[in-house]
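[1] Fold the stuff below for me.
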Amino acid sequence: MEEERGGSDGGLRGSAVALMCVYAFCLQFTPSEPYLVPFLTKVKGFSNNVVTTEIFPVSVYSTLVFTLLAAPACTYLKYRSVILIGTLGRLSTFFILLFGRSLLSMQLMQATYALGVASDLVFSSYLFVLVKENMYQSLTSFTQASSTFSFFIAAELSQLLVSEGVNLIVLLYISTCMVALALVACVFLPVEMRHWIDVSSLGDLELDWETPTSSCQNFVELVKATWSNRSLQLLSLWWAFQLGGTAMIENYGTNLFDAVDPTSIYNGHVIAATQGASCVAALIAVPASRYTSKAGGLLYAGGSGLTWLLCVVLSRSKSLWIVHAAYILCVALNKFLLCILYVQCARFLSHGHFIFLFSLNAVAALLVQSSLQAFVEVLNANLSAQFYYVGNYFLVLTIVFAVLVKAYYQSSNATLLR
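    From the prediction side, this is the model:
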(Lines give C-alpha, C1' and ligand atoms only; values in the text may rest on other atoms or scores of the structure.)
Protein backbone atom coordinates (compact mmCIF):
# COMPACT_ATOMS: atom_id res chain seq x y z
CA MET A 1 0.00 0.00 0.00
CA GLU A 2 3.02 2.23 0.01
CA GLU A 3 2.16 3.51 -3.47
CA GLU A 4 -0.86 5.28 -1.98
CA ARG A 5 1.45 7.57 -0.03
CA GLY A 6 3.08 10.68 -1.28
CA GLY A 7 6.65 11.41 -0.34
CA SER A 8 8.61 11.70 2.82
CA ASP A 9 6.38 14.55 4.01
CA GLY A 10 3.78 12.02 5.10
CA GLY A 11 1.15 13.05 2.59
CA LEU A 12 -1.14 10.90 0.47
CA ARG A 13 -1.27 10.90 -3.28
CA GLY A 14 -3.97 13.10 -4.76
CA SER A 15 -5.90 10.05 -5.95
CA ALA A 16 -6.16 8.69 -2.41
CA VAL A 17 -7.35 12.04 -1.03
CA ALA A 18 -9.89 12.31 -3.86
CA LEU A 19 -11.13 8.78 -3.11
CA MET A 20 -11.71 9.64 0.55
CA CYS A 21 -13.61 12.78 -0.47
CA VAL A 22 -15.70 10.72 -2.91
CA TYR A 23 -16.47 8.23 -0.13
CA ALA A 24 -17.53 11.02 2.24
CA PHE A 25 -19.64 12.65 -0.50
CA CYS A 26 -21.48 9.47 -1.54
CA LEU A 27 -22.12 8.40 2.05
CA GLN A 28 -23.87 11.67 2.92
CA PHE A 29 -25.79 12.04 -0.34
CA THR A 30 -29.10 10.87 1.11
CA PRO A 31 -32.00 13.02 -0.12
CA SER A 32 -34.42 10.73 1.71
CA GLU A 33 -33.15 11.78 5.15
CA PRO A 34 -35.14 15.06 5.48
CA TYR A 35 -38.29 13.09 4.65
CA LEU A 36 -37.73 10.02 6.81
CA VAL A 37 -40.62 10.80 9.17
CA PRO A 38 -43.14 11.41 6.32
CA PHE A 39 -41.92 8.17 4.70
CA LEU A 40 -42.46 6.17 7.90
CA THR A 41 -45.89 7.68 8.54
CA LYS A 42 -47.34 8.00 5.02
CA VAL A 43 -45.70 5.09 3.21
CA LYS A 44 -45.07 2.57 6.01
CA GLY A 45 -48.19 3.50 7.97
CA PHE A 46 -46.72 4.10 11.43
CA SER A 47 -48.19 6.83 13.62
CA ASN A 48 -46.08 9.84 14.48
CA ASN A 49 -46.20 8.80 18.13
CA VAL A 50 -44.82 5.31 17.34
CA VAL A 51 -42.02 6.84 15.24
CA THR A 52 -41.11 9.23 18.05
CA THR A 53 -41.37 6.89 21.04
CA GLU A 54 -40.67 3.39 19.70
CA ILE A 55 -38.52 3.70 16.57
CA PHE A 56 -36.20 6.70 16.86
CA PRO A 57 -35.06 6.07 20.47
CA VAL A 58 -33.44 2.80 19.31
CA SER A 59 -30.83 4.75 17.34
CA VAL A 60 -29.95 6.87 20.39
CA TYR A 61 -29.11 3.90 22.59
CA SER A 62 -27.54 1.92 19.74
CA THR A 63 -25.27 4.83 18.82
CA LEU A 64 -24.02 4.96 22.38
CA VAL A 65 -23.25 1.22 22.37
CA PHE A 66 -21.58 1.15 18.94
CA THR A 67 -19.52 4.25 19.73
CA LEU A 68 -18.18 2.55 22.84
CA LEU A 69 -17.36 -0.57 20.81
CA ALA A 70 -15.56 1.40 18.09
CA ALA A 71 -12.24 1.59 19.96
CA PRO A 72 -11.96 -2.15 20.78
CA ALA A 73 -13.07 -2.99 17.22
CA CYS A 74 -10.29 -0.87 15.72
CA THR A 75 -7.82 -2.54 18.07
CA TYR A 76 -8.58 -6.00 16.72
CA LEU A 77 -9.37 -4.94 13.14
CA LYS A 78 -7.97 -2.31 10.84
CA TYR A 79 -9.74 1.04 10.72
CA ARG A 80 -10.78 0.45 7.12
CA SER A 81 -12.42 -2.86 8.05
CA VAL A 82 -14.52 -1.16 10.73
CA ILE A 83 -15.47 1.62 8.29
CA LEU A 84 -16.50 -1.04 5.78
CA ILE A 85 -18.72 -2.74 8.38
CA GLY A 86 -20.32 0.60 9.24
CA THR A 87 -20.95 1.40 5.57
CA LEU A 88 -22.62 -1.99 5.19
CA GLY A 89 -24.76 -0.99 8.15
CA ARG A 90 -25.77 2.22 6.37
CA LEU A 91 -26.66 0.29 3.21
CA SER A 92 -28.66 -2.23 5.26
CA THR A 93 -30.59 0.69 6.72
CA PHE A 94 -31.98 1.66 3.32
CA PHE A 95 -32.74 -1.91 2.30
CA ILE A 96 -34.74 -2.41 5.50
CA LEU A 97 -36.58 0.86 4.87
CA LEU A 98 -37.43 -0.29 1.36
CA PHE A 99 -38.58 -3.81 2.17
CA GLY A 100 -39.33 -3.89 5.92
CA ARG A 101 -42.91 -3.69 7.14
CA SER A 102 -43.02 -4.49 10.84
CA LEU A 103 -42.18 -2.35 13.84
CA LEU A 104 -39.33 -4.71 14.69
CA SER A 105 -37.78 -4.24 11.25
CA MET A 106 -37.91 -0.45 11.64
CA GLN A 107 -36.25 -0.73 15.04
CA LEU A 108 -33.56 -2.91 13.45
CA MET A 109 -33.20 -0.20 10.78
CA GLN A 110 -32.38 2.32 13.50
CA ALA A 111 -29.77 -0.05 14.95
CA THR A 112 -28.02 -0.47 11.58
CA TYR A 113 -28.16 3.30 11.12
CA ALA A 114 -26.44 3.72 14.50
CA LEU A 115 -23.72 1.32 13.35
CA GLY A 116 -23.12 3.63 10.40
CA VAL A 117 -23.02 6.71 12.61
CA ALA A 118 -20.37 5.08 14.82
CA SER A 119 -18.28 4.25 11.74
CA ASP A 120 -18.37 7.95 10.75
CA LEU A 121 -16.42 8.59 13.93
CA VAL A 122 -13.94 5.88 12.97
CA PHE A 123 -13.50 7.53 9.56
CA SER A 124 -12.67 10.87 11.22
CA SER A 125 -9.97 9.26 13.36
CA TYR A 126 -8.76 7.03 10.49
CA LEU A 127 -7.56 10.12 8.62
CA PHE A 128 -4.93 10.82 11.27
CA VAL A 129 -3.52 7.29 11.02
CA LEU A 130 -2.89 7.75 7.30
CA VAL A 131 -0.76 10.88 7.32
CA LYS A 132 1.71 12.84 9.39
CA GLU A 133 0.89 15.95 11.34
CA ASN A 134 1.44 18.46 8.55
CA MET A 135 -1.49 16.95 6.58
CA TYR A 136 -3.97 16.65 9.45
CA GLN A 137 -5.86 19.90 8.86
CA SER A 138 -6.12 19.64 5.09
CA LEU A 139 -7.40 16.07 5.08
CA THR A 140 -9.88 16.73 7.90
CA SER A 141 -11.27 19.89 6.30
CA PHE A 142 -11.50 18.41 2.80
CA THR A 143 -13.45 15.35 3.91
CA GLN A 144 -15.70 17.40 6.23
CA ALA A 145 -16.37 19.83 3.37
CA SER A 146 -17.20 16.92 1.04
CA SER A 147 -19.73 15.56 3.53
CA THR A 148 -21.48 18.88 4.13
CA PHE A 149 -21.48 19.82 0.43
CA SER A 150 -23.04 16.46 -0.35
CA PHE A 151 -25.75 17.02 2.24
CA PHE A 152 -26.36 20.48 0.75
CA ILE A 153 -26.88 19.09 -2.77
CA ALA A 154 -29.01 16.19 -1.49
CA ALA A 155 -31.25 18.51 0.55
CA GLU A 156 -31.84 20.82 -2.41
CA LEU A 157 -32.54 17.84 -4.67
CA SER A 158 -35.05 16.37 -2.23
CA GLN A 159 -36.80 19.73 -1.91
CA LEU A 160 -37.03 20.02 -5.70
CA LEU A 161 -38.28 16.47 -6.25
CA VAL A 162 -40.90 16.63 -3.50
CA SER A 163 -42.19 19.99 -4.73
CA GLU A 164 -42.61 18.34 -8.16
CA GLY A 165 -44.71 15.58 -6.61
CA VAL A 166 -42.15 12.79 -6.88
CA ASN A 167 -42.91 9.76 -4.71
CA LEU A 168 -40.87 9.59 -1.51
CA ILE A 169 -39.68 6.08 -2.35
CA VAL A 170 -37.72 7.55 -5.28
CA LEU A 171 -35.64 9.53 -2.77
CA LEU A 172 -34.95 6.29 -0.95
CA TYR A 173 -33.75 4.57 -4.13
CA ILE A 174 -31.38 7.47 -4.84
CA SER A 175 -29.99 7.29 -1.29
CA THR A 176 -29.51 3.52 -1.56
CA CYS A 177 -27.58 3.82 -4.81
CA MET A 178 -25.30 6.54 -3.44
CA VAL A 179 -24.50 4.60 -0.26
CA ALA A 180 -23.79 1.54 -2.44
CA LEU A 181 -21.26 3.66 -4.35
CA ALA A 182 -19.75 4.70 -1.01
CA LEU A 183 -19.36 1.02 -0.17
CA VAL A 184 -17.49 0.43 -3.44
CA ALA A 185 -15.22 3.43 -2.71
CA CYS A 186 -14.61 2.12 0.81
CA VAL A 187 -13.15 -1.11 -0.56
CA PHE A 188 -10.41 0.90 -2.28
CA LEU A 189 -9.59 3.22 0.62
CA PRO A 190 -5.91 3.07 1.66
CA VAL A 191 -5.10 0.68 4.49
CA GLU A 192 -3.50 2.40 7.46
CA MET A 193 0.18 1.74 8.08
CA ARG A 194 0.81 1.00 11.74
CA HIS A 195 4.40 2.25 11.55
CA TRP A 196 3.11 5.82 11.33
CA ILE A 197 2.28 5.54 15.04
CA ASP A 198 5.06 6.67 17.32
CA VAL A 199 5.10 3.55 19.48
CA SER A 200 8.07 4.83 21.45
CA SER A 201 5.76 7.39 23.03
CA LEU A 202 3.93 4.59 24.84
CA GLY A 203 6.90 4.19 27.15
CA ASP A 204 6.59 1.03 29.20
CA LEU A 205 3.03 0.41 28.03
CA GLU A 206 3.01 -3.01 26.37
CA LEU A 207 -0.11 -3.94 24.44
CA ASP A 208 -1.13 -7.58 24.78
CA TRP A 209 -4.68 -8.28 23.62
CA GLU A 210 -4.58 -12.08 23.60
CA THR A 211 -6.65 -12.71 26.74
CA PRO A 212 -9.78 -10.97 28.11
CA THR A 213 -7.95 -9.97 31.30
CA SER A 214 -4.99 -8.45 29.49
CA SER A 215 -7.35 -6.74 27.04
CA CYS A 216 -9.24 -5.03 29.86
CA GLN A 217 -6.01 -3.99 31.57
CA ASN A 218 -4.57 -2.60 28.34
CA PHE A 219 -7.80 -0.76 27.61
CA VAL A 220 -7.57 0.98 30.98
CA GLU A 221 -3.89 1.78 30.42
CA LEU A 222 -4.63 3.22 26.97
CA VAL A 223 -7.39 5.38 28.40
CA LYS A 224 -4.98 6.75 31.00
CA ALA A 225 -2.28 7.33 28.40
CA THR A 226 -4.74 9.05 26.07
CA TRP A 227 -5.72 11.74 28.55
CA SER A 228 -2.41 12.13 30.39
CA ASN A 229 -1.72 15.39 28.55
CA ARG A 230 -3.28 18.38 30.35
CA SER A 231 -3.92 20.26 27.12
CA LEU A 232 -5.77 17.25 25.76
CA GLN A 233 -7.79 17.01 28.96
CA LEU A 234 -9.00 20.59 28.54
CA LEU A 235 -9.76 20.20 24.85
CA SER A 236 -11.64 16.95 25.50
CA LEU A 237 -13.69 18.69 28.18
CA TRP A 238 -14.70 21.41 25.74
CA TRP A 239 -15.33 18.78 23.02
CA ALA A 240 -17.87 16.91 25.15
CA PHE A 241 -19.75 19.93 26.50
CA GLN A 242 -19.74 22.03 23.34
CA LEU A 243 -20.81 19.24 20.99
CA GLY A 244 -23.42 17.98 23.43
CA GLY A 245 -25.03 21.43 23.48
CA THR A 246 -24.67 22.02 19.74
CA ALA A 247 -26.52 18.77 19.04
CA MET A 248 -29.53 20.20 20.88
CA ILE A 249 -29.52 23.25 18.61
CA GLU A 250 -29.29 21.18 15.43
CA ASN A 251 -31.94 18.68 16.54
CA TYR A 252 -34.53 21.34 17.35
CA GLY A 253 -33.72 23.89 14.65
CA THR A 254 -36.54 22.99 12.26
CA ASN A 255 -38.98 22.71 15.19
CA LEU A 256 -38.12 26.29 16.11
CA PHE A 257 -38.67 27.43 12.52
CA ASP A 258 -42.16 25.92 12.58
CA ALA A 259 -42.90 27.53 15.93
CA VAL A 260 -41.94 30.98 14.65
CA ASP A 261 -43.86 30.60 11.36
CA PRO A 262 -45.83 27.39 10.79
CA THR A 263 -46.66 28.45 7.21
CA SER A 264 -43.04 28.66 6.07
CA ILE A 265 -42.06 26.43 3.15
CA TYR A 266 -38.35 27.21 3.22
CA ASN A 267 -37.12 24.82 5.91
CA GLY A 268 -35.49 22.49 3.38
CA HIS A 269 -33.64 25.37 1.75
CA VAL A 270 -32.47 26.62 5.14
CA ILE A 271 -31.05 23.21 6.05
CA ALA A 272 -29.33 23.11 2.66
CA ALA A 273 -27.91 26.60 3.19
CA THR A 274 -26.70 25.52 6.63
CA GLN A 275 -24.76 22.65 5.09
CA GLY A 276 -23.37 24.94 2.39
CA ALA A 277 -22.15 27.38 5.03
CA SER A 278 -20.66 24.48 7.00
CA CYS A 279 -18.80 23.36 3.88
CA VAL A 280 -17.28 26.82 3.51
CA ALA A 281 -16.41 26.89 7.23
CA ALA A 282 -14.61 23.54 6.95
CA LEU A 283 -12.51 24.83 4.05
CA ILE A 284 -11.73 28.11 5.83
CA ALA A 285 -10.32 26.07 8.72
CA VAL A 286 -7.33 25.09 6.54
CA PRO A 287 -5.77 28.58 6.16
CA ALA A 288 -7.18 29.73 9.52
CA SER A 289 -5.37 26.92 11.37
CA ARG A 290 -2.10 28.79 10.85
CA TYR A 291 -3.34 31.57 13.13
CA THR A 292 -5.49 29.76 15.68
CA SER A 293 -2.50 28.90 17.87
CA LYS A 294 -2.14 32.60 18.65
CA ALA A 295 -5.62 32.64 20.16
CA GLY A 296 -4.87 29.65 22.37
CA GLY A 297 -7.73 28.19 24.37
CA LEU A 298 -9.61 31.48 24.09
CA LEU A 299 -10.58 30.39 20.56
CA TYR A 300 -12.85 27.74 22.03
CA ALA A 301 -14.09 29.92 24.88
CA GLY A 302 -14.92 32.58 22.31
CA GLY A 303 -16.70 29.98 20.17
CA SER A 304 -18.89 29.01 23.13
CA GLY A 305 -19.56 32.69 23.80
CA LEU A 306 -20.68 33.30 20.22
CA THR A 307 -22.88 30.22 20.42
CA TRP A 308 -24.51 31.72 23.53
CA LEU A 309 -25.22 35.00 21.72
CA LEU A 310 -26.74 33.17 18.76
CA CYS A 311 -28.90 31.08 21.10
CA VAL A 312 -30.20 34.30 22.67
CA VAL A 313 -31.17 35.52 19.19
CA LEU A 314 -32.84 32.18 18.43
CA SER A 315 -34.84 32.28 21.66
CA ARG A 316 -35.94 35.94 21.44
CA SER A 317 -36.39 36.79 17.77
CA LYS A 318 -39.84 36.68 16.16
CA SER A 319 -38.44 37.21 12.67
CA LEU A 320 -38.06 33.95 10.79
CA TRP A 321 -35.28 35.36 8.60
CA ILE A 322 -33.23 36.39 11.64
CA VAL A 323 -33.79 32.95 13.19
CA HIS A 324 -32.66 31.33 9.94
CA ALA A 325 -29.50 33.46 9.80
CA ALA A 326 -28.65 32.80 13.46
CA TYR A 327 -29.14 29.06 13.02
CA ILE A 328 -26.95 28.92 9.91
CA LEU A 329 -24.18 30.93 11.60
CA CYS A 330 -24.34 28.78 14.73
CA VAL A 331 -23.99 25.46 12.90
CA ALA A 332 -21.28 26.79 10.54
CA LEU A 333 -19.30 28.25 13.47
CA ASN A 334 -19.30 24.92 15.26
CA LYS A 335 -18.28 23.07 12.09
CA PHE A 336 -15.27 25.40 11.83
CA LEU A 337 -14.36 24.82 15.48
CA LEU A 338 -14.85 21.07 15.09
CA CYS A 339 -12.36 20.90 12.20
CA ILE A 340 -9.79 22.79 14.28
CA LEU A 341 -10.56 20.76 17.40
CA TYR A 342 -10.10 17.33 15.79
CA VAL A 343 -6.68 18.31 14.50
CA GLN A 344 -5.49 19.94 17.72
CA CYS A 345 -6.50 16.91 19.78
CA ALA A 346 -4.79 14.55 17.34
CA ARG A 347 -1.56 16.54 17.59
CA PHE A 348 -1.49 16.23 21.36
CA LEU A 349 -2.12 12.48 21.23
CA SER A 350 1.33 10.94 21.24
CA HIS A 351 0.61 7.20 21.06
CA GLY A 352 -1.50 7.27 17.88
CA HIS A 353 -4.60 5.36 19.08
CA PHE A 354 -6.91 8.08 17.77
CA ILE A 355 -10.09 6.04 17.95
CA PHE A 356 -9.85 5.85 21.77
CA LEU A 357 -9.86 9.64 21.92
CA PHE A 358 -12.65 10.08 19.38
CA SER A 359 -14.98 7.38 20.63
CA LEU A 360 -14.82 8.17 24.34
CA ASN A 361 -15.10 11.93 23.76
CA ALA A 362 -18.09 11.25 21.52
CA VAL A 363 -19.70 9.10 24.21
CA ALA A 364 -19.15 11.92 26.71
CA ALA A 365 -20.83 14.36 24.29
CA LEU A 366 -23.79 11.99 23.91
CA LEU A 367 -24.15 11.78 27.68
CA VAL A 368 -24.07 15.58 27.95
CA GLN A 369 -26.70 15.82 25.22
CA SER A 370 -28.89 13.26 27.00
CA SER A 371 -28.60 15.21 30.25
CA LEU A 372 -29.59 18.45 28.53
CA GLN A 373 -32.49 16.67 26.85
CA ALA A 374 -33.71 15.31 30.19
CA PHE A 375 -33.35 18.78 31.76
CA VAL A 376 -35.55 20.55 29.20
CA GLU A 377 -38.08 17.72 29.31
CA VAL A 378 -38.38 17.98 33.08
CA LEU A 379 -38.96 21.73 32.77
CA ASN A 380 -41.56 21.09 30.05
CA ALA A 381 -40.45 24.33 28.41
CA ASN A 382 -41.59 25.59 25.02
CA LEU A 383 -39.06 25.85 22.18
CA SER A 384 -38.09 29.47 22.82
CA ALA A 385 -37.47 28.67 26.48
CA GLN A 386 -35.45 25.59 25.52
CA PHE A 387 -33.11 27.67 23.38
CA TYR A 388 -32.90 30.23 26.20
CA TYR A 389 -31.81 27.53 28.67
CA VAL A 390 -29.36 26.03 26.17
CA GLY A 391 -27.97 29.53 25.61
CA ASN A 392 -27.39 29.96 29.35
CA TYR A 393 -25.66 26.57 29.32
CA PHE A 394 -23.20 27.90 26.71
CA LEU A 395 -22.67 31.06 28.77
CA VAL A 396 -21.67 28.95 31.77
CA LEU A 397 -19.42 26.84 29.55
CA THR A 398 -17.74 30.00 28.22
CA ILE A 399 -16.96 31.31 31.69
CA VAL A 400 -15.84 27.97 33.14
CA PHE A 401 -13.62 27.11 30.19
CA ALA A 402 -12.06 30.59 30.10
CA VAL A 403 -11.22 30.28 33.82
CA LEU A 404 -9.72 26.81 33.28
CA VAL A 405 -7.64 28.06 30.36
CA LYS A 406 -6.34 31.01 32.38
CA ALA A 407 -5.45 28.72 35.28
CA TYR A 408 -3.69 26.39 32.84
CA TYR A 409 -1.60 29.21 31.39
CA GLN A 410 -0.61 30.41 34.85
CA SER A 411 0.55 26.95 35.94
CA SER A 412 2.27 25.97 32.70
CA ASN A 413 4.34 27.57 29.99
CA ALA A 414 2.85 25.21 27.39
CA THR A 415 0.34 26.33 24.80
CA LEU A 416 -3.14 24.84 24.53
CA LEU A 417 -3.05 24.89 20.74
CA ARG A 418 -0.47 23.61 18.27
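
[2] can I assume Ala288 is in contact with Phe336?
    Yes: applying C-beta atoms under 8 Å, one finds Ala288 in contact with Phe336, separated by 7.5 Å. Every C-beta, even on glycine, is put in place using the N, C-alpha and C of the backbone.

[3] more neighbours, the two?
    Counted by other C-beta atoms under 10 Å, Ala288 and Phe336 do not tie: Phe336 has more neighbours, with 24 against 17.

[4] For the more buried one, give me the pLDDT.
    In this model, Phe336 is scored at 95, pLDDT.

[5] Low-confidence regions, the stretch 301-418 of the chain specifically.
    By pLDDT under 70, the low-scoring segments of the stretch 301-418 of the chain are 350-352, 410-418.

[6] in it, which spans are helices?
    Counting by DSSP state H, counting those that start in this stretch, the stretch 301-418 of the chain has these helices, from start to end: 320-348, 354-379, 383-411.

[7] Which one of those helices lies nearest to Phe99?
    helix 354-379 (30.0 Å; C-beta to C-beta).

[8] residues of the closest one that come out buried?
    By neighbour count, with 16 or more other C-beta atoms under 10 Å as the criterion, the buried positions of helix 354-379 are 354-366, 368-369, 372-373, 376.

[9] what distance separates it from the centre of its chain?
    Distance of helix 354-379 from the chain centroid (C-alpha atoms, centre = their mean, to the nearest Å) equals 12 Å.

[10] What angle do helix 383-411 and that helix make with each other?
    Comparing the axes of helix 354-379 and helix 383-411 via axes from the mean of the first three to the mean of the last three C-alpha atoms, to 10 degrees yields an angle of 140 degrees.

[11] what is the orientation angle of helix 354-379 with helix 320-348?
    150 degrees.

[12] So which elements touch helix 354-379?
    On a contact count with 3 or more C-beta pairs under 8 Å, 6 or more residues apart in numbering; DSSP states H and E, helix 354-379 meets helix 56-76, helix 103-130, helix 212-226, helix 230-260, helix 320-348, helix 383-411.

[13] quick check: angle from the fifth one to helix 230-260?
    It stands for helix 320-348. Going by the same axes, to 10 degrees, helix 320-348 makes 160 degrees with helix 230-260.

[14] and if you look at the last one?
    Regarding helix 383-411 and helix 230-260, their directions subtend 160 degrees when assessed with the same axes, to 10 degrees.

[15] From the chain's centroid, how far away is helix 383-411?
    Worked out by C-alpha atoms, centre = their mean, helix 383-411 lies 21 Å from the chain centre.

[16] buried sites along that helix?
    Those buried within helix 383-411 under the rule 16+ other C-beta under 10 Å are 383-384, 386-391, 393-395, 397-398, 401-402, 404-405, 408.

[17] one step back: can you add distance to Ile265 and give the helices of the stretch 301-418 of the chain back as TSV?
    Formatted as TSV, the helices of the stretch 301-418 of the chain follow (distance: least, C-beta to C-beta, whole Å):
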stretch	distance to Ile265
helix 320-348	11
helix 354-379	28
helix 383-411	19
